[in-house]
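Colleague: Fold the following, please.
(chains A, B, C, D, E and F)
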Protein chains: 4
Amino acid sequence: MKSAALRTMRSHSEDRRHALVAAAFGQIAERGFEGLRTREVAAEAGVNIATLHYYFPTKEALIRGVVAHAMGRFRSTLAPHGSPDEQLANHLKAVRALLRKEPEIASVMGELALRSARDTSLARIMRESNDAWHRTLRGLLRRAARAGDLPTAFDTDEAAALIVATLTSMVLPSMTSSRKDQAFRELERWLNSAAGTTRSRPSN
Amino acid sequence: MKSAALRTMRSHSEDRRHALVAAAFGQIAERGFEGLRTREVAAEAGVNIATLHYYFPTKEALIRGVVAHAMGRFRSTLAPHGSPDEQLANHLKAVRALLRKEPEIASVMGELALRSARDTSLARIMRESNDAWHRTLRGLLRRAARAGDLPTAFDTDEAAALIVATLTSMVLPSMTSSRKDQAFRELERWLNSAAGTTRSRPSN
Amino acid sequence: MKSAALRTMRSHSEDRRHALVAAAFGQIAERGFEGLRTREVAAEAGVNIATLHYYFPTKEALIRGVVAHAMGRFRSTLAPHGSPDEQLANHLKAVRALLRKEPEIASVMGELALRSARDTSLARIMRESNDAWHRTLRGLLRRAARAGDLPTAFDTDEAAALIVATLTSMVLPSMTSSRKDQAFRELERWLNSAAGTTRSRPSN
Amino acid sequence: MKSAALRTMRSHSEDRRHALVAAAFGQIAERGFEGLRTREVAAEAGVNIATLHYYFPTKEALIRGVVAHAMGRFRSTLAPHGSPDEQLANHLKAVRALLRKEPEIASVMGELALRSARDTSLARIMRESNDAWHRTLRGLLRRAARAGDLPTAFDTDEAAALIVATLTSMVLPSMTSSRKDQAFRELERWLNSAAGTTRSRPSN
DNA sequence: TATGAATGAGCTTTCATTCAT
DNA sequence: TATGAATGAAAGCTCATTCAT
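Modeller: Numbers count the residues shown, from 1 in each chain, chains lettered A, B, ... in the order given. Coordinates of the predicted model:
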């Protein structure tokens, strides 16, 4: 059985790959795909440009690495703790916190989203990821409805879509920080008021 | 008195400029800023590359032209007809229709939104445009509230932010068409239900 | 018989040509042949670039115009007044004064001199002009010698060459103004001392 | 201890740099700055144009290399052997020989001199170099005077300026070879006669 | 595994020149 | 005579990629 140290221990090779991916990630966040230069990435990672090509034969391969990195980073916002509606509330907060603390993730996700329009393999990844996200949200909403926390007329599929849409918009810099907060609050209020409709009735 | 024909008649020079902007617009929609090539734009407009530079001294100048074009195209979705809540409903439908009929606009708006993070002059344009949009929506919501079509507790500022956020997300291809429809429907339902809260009360 | 007014009256066409040549002259003085741009010349003369090509079919034709202009400007320094040695002294002073008052002439002459190495037709013009200059100086020196103002051993051919060489160096900006003055003074002193050798003898 | 072979051995990289500078030097001598083309330089050095930019990021950087090369080439004419007046005579002969054997140096120095009018950093280099030259000559003249080889009334500063001016004129092709010889001879004669004035007197 | 050197292909931009009006 | 519009040809420079070591 591997010790914790061993499990998190990275080979030199993995370190290099990660350093390169992290540098590329930073570059994309800062300059977009438009401004991504392998030389800059190599320089930032402290290696020769030829070394970069040793680890990532092509620029596209490097970008794949960034995609995997970014998706993994984003998945962490869905933590299964508490009741369905608590999980939902926590997820919203976690997304907001992530985008606030690491705005580069927003930039990169935005870049990836746009790029997926011209890159079928990236499109597949994004679609699968988004579908999984949507299904998770819908599942939470359904369980909340079953628990009596939402009105039965509530369309969980469309509600999940609205949540995904709203949170998705946050990766664009055209949404200012204060506007993001407002939209977030309205989303929470909306969910609460829907919950209130059912909850408050029995208590009457 | 100028005839309609005369009024819409363009000089040769304006035609060329427009053709170049339209070609650049198409290229950005298709390949993103990453893939925008002046040579391709000139070829698509049927002119020599030097001719492009006769009209637009630099690539950036051409991009400014595209920005103006795209913003103008988007503004057309706010038509002031009917009561506030009708205008609101129409606006939602108009945005959805525009994005469905001309998906290139979505692509380009997405590209511009991302680029605005690294381009202060573009950032200003996007911000002003978004602020105006938000203010318009908020105005409609307020007038609807005053007309008794919305509950008094309704926060028009945050509701407008939620609408902007949802519609904004539609410029990203990661939102599939069916998901966009769902989010739209949920947005309409939410607005209607809010309206219903007040409207139904007198009948009680 | 033409009146003075008539003689100096220029046709519109000649004015245009002259304005273009003057502008080109100024550009060469300022930026060298390296930086000569027909568009700039046209703009400075206040005409369209196509108009420039109406008057001067090619850039080379325009340059020919500049050459003629510059050579004419330089010839004015040889005014036949006074005794040979006075003429000589005056010539030195006139060259110095010209270069001081119109440094552009120095720049352009320098540019032309260098260009003549790659331009046979310009080379011919420069050579002829320089030969004429040399002959004139030699003639003055010979007449001064015959008048007893110079020692008989004096080699007028080589002395003329030294004068031409010294004055020629003044078109280069690597000779600073103060250095030019020093060289001038030494040249004058040398000519005077040579004169003094013969003149002082009778007094012995 | 390094052998002579080792000492003069150049790295591959230095060779390439030198080959590129030499090619650029040749191009400037042949076509002037006006006709300097990086592609031609690269071709003449037998490398790809991108390789040229690997060694010299910009055309200007390449030109700086040429400047250093030319200045170094010129400095070699001041060899400190013999008495002051011998050194002086040798210097004159060395300059004449250099310009005769390698006329490209004359061309390039001429180009650099003119360019210095529009290039402050080059201007500084040229000025410093010329000042050093002038000081060296003046020093030689002073020591010659102190040794009794020149009349005390002799103004060494101005005489040095005259020598510099005359030699400087030789970089211009408007001075033909025979005229250069004549000017040289007159310069030598002038220096000798000045020397003769003092030397011959005691013997009388 | 790592790198310095090299390159093909392509990019934006410039410029003298032409031409229809 | 004069010009706005257009262009072919080329220029300097960039960049992902390769390769010998």
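
Colleague: and the helix or strand where A:L92 lies, how far from the chain's centre?
Modeller: Following DSSP states H and E, one finds A:L92 within helix A:84-101. Remark: helix A:84-101 is offset 11 Å from the chain centroid, using CA atoms, centre = their mean, to the nearest Å.

Colleague: Output it as CSV, nothing but the C-alphas.
Modeller: Output of helix A:84-101 as CSV, limited to C-alpha atoms (Å, rounded to 0.1, in the frame of the first residue of the first chain):
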residue,chain,number,x,y,z
PRO,A,84,-29.9,18.3,-1.5
ASP,A,85,-30.8,21.9,-1.0
GLU,A,86,-27.7,22.5,1.2
GLN,A,87,-25.6,20.9,-1.5
LEU,A,88,-27.1,23.2,-4.0
ALA,A,89,-26.5,26.2,-2.0
ASN,A,90,-23.0,25.1,-1.2
HIS,A,91,-22.3,24.5,-4.9
LEU,A,92,-23.3,28.0,-5.8
LYS,A,93,-21.1,29.5,-3.1
ALA,A,94,-18.2,27.3,-4.1
VAL,A,95,-18.4,28.4,-7.7
ARG,A,96,-18.6,32.0,-6.7
ALA,A,97,-15.6,31.6,-4.3
LEU,A,98,-13.5,29.7,-6.9
LEU,A,99,-14.0,32.4,-9.5
ARG,A,100,-13.3,35.1,-7.0
LYS,A,101,-10.1,33.5,-5.7
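
Colleague: mind listing what's buried in whichever helix or strand comes after that helix?
Modeller: Downstream of helix A:84-101, the first helix or strand assigned by DSSP H and E is helix A:103-115. The neighbour-count check on helix A:103-115 (16 or more other CB atoms under 10 Å in any protein chain shown) flags A:104-115 as buried. Glycine gets a C-beta too; all of them are placed from N, C-alpha and C.

Colleague: Do me a favour and average the pLDDT over whatever helix or strand comes next after helix A:103-115.
Modeller: As assigned by DSSP H and E, the chain's next helix or strand after helix A:103-115 is helix A:120-146. In this model, helix A:120-146 has a mean pLDDT of 93.

Colleague: Close to DNA strand F: what parts of chain A are there?
Modeller: A:36-39, A:49-50, A:53, A:57-60 (CB under 7 Å from any atom of the strand).

Colleague: out of those residues, which are buried?
Modeller: Among those, the ones that count as buried by 16+ other CB under 10 Å are A:36, A:38, A:59.

Colleague: In this structure the second one contacts A:P57, no?
Modeller: So that's A:T38. No: when contacts are counted by CB atoms under 8 Å, A:T38 is not listed as touching A:P57 (11.3 Å).

Colleague: can you tell me the helix or strand for the residue in chain A positioned nearest to DNA strand E?
Modeller: Distances between chain A and DNA strand E by CB to the nearest atom of the strand are smallest at A:A50, namely 2.9 Å. A:A50 is part of helix A:49-55 when elements are defined by DSSP H and E.

Colleague: Now do the following helix or strand past that helix against helix A:84-101, angle only.
Modeller: As assigned by DSSP H and E, the chain's next helix or strand after helix A:49-55 is helix A:59-75. Interaxial angle of helix A:59-75 relative to helix A:84-101 (axes from the mean of the first three to the mean of the last three CA atoms, to 10 degrees): 130 degrees.

Colleague: got a list of contacts for helix A:59-75?
Modeller: Contacting residues not belonging to helix A:59-75 are listed as A:17, A:20-22, A:24-25, A:28, A:33, A:36, A:38, A:41, A:52, A:56, A:98, A:102, A:105, A:108-109, A:112, A:122, A:125, A:129 [CB atoms under 8 Å, 6 or more residues apart in numbering or on different chains].

Colleague: Buried by neighbour count, from these: which ones?
Modeller: Buried among the contacts of helix A:59-75 by 16+ other CB under 10 Å: A:17, A:20-22, A:24-25, A:28, A:33, A:36, A:38, A:41, A:52, A:56, A:98, A:105, A:108-109, A:112, A:122, A:125, A:129.

Colleague: Pass me the low-pLDDT residue ranges in chain A, would you?
Modeller: Residues of chain A that meet the criterion pLDDT under 70 lie in A:1-8, A:197-204.

Colleague: That one - how does it break down into domains?
Modeller: Following automatic domain parsing, chain A resolves into domains at A:11-67, A:76-203.

Colleague: So which of those is nearest D:A159?
Modeller: Taking CB to CB, domain A:11-67 is the member of the domains of chain A nearest to D:A159, at 56.7 Å.

Colleague: Can you list the helices and strands that the strand or helix carrying A:S193 packs against?
Modeller: In this assignment (DSSP H and E), A:S193 forms part of helix A:177-203. For helix A:177-203, the packing partners by 3 or more CB pairs under 8 Å, 6 or more residues apart in numbering or on different chains; DSSP states H and E come out as helix A:84-101, helix A:156-169, helix B:156-169.

Colleague: Could I get the buried residue list for that helix?
Modeller: A:179-180, A:182-191, A:193-195, A:197-198.

Colleague: helix, strand or coil for the closest residue to A:H18 other than its chain neighbours?
Modeller: In space, and not counting its chain neighbours, A:H18 is closest to A:R10: 7.0 Å by CB to CB, 6 or more residues apart in numbering or on different chains. Following DSSP: H, G, I helix; E, B strand; the rest coil, A:R10 is assigned to coil.

Colleague: Now A:R10. Its backbone dihedrals?
Modeller: Per-residue torsions, A:R10: phi -110, psi 140 (degrees, to the nearest 10).
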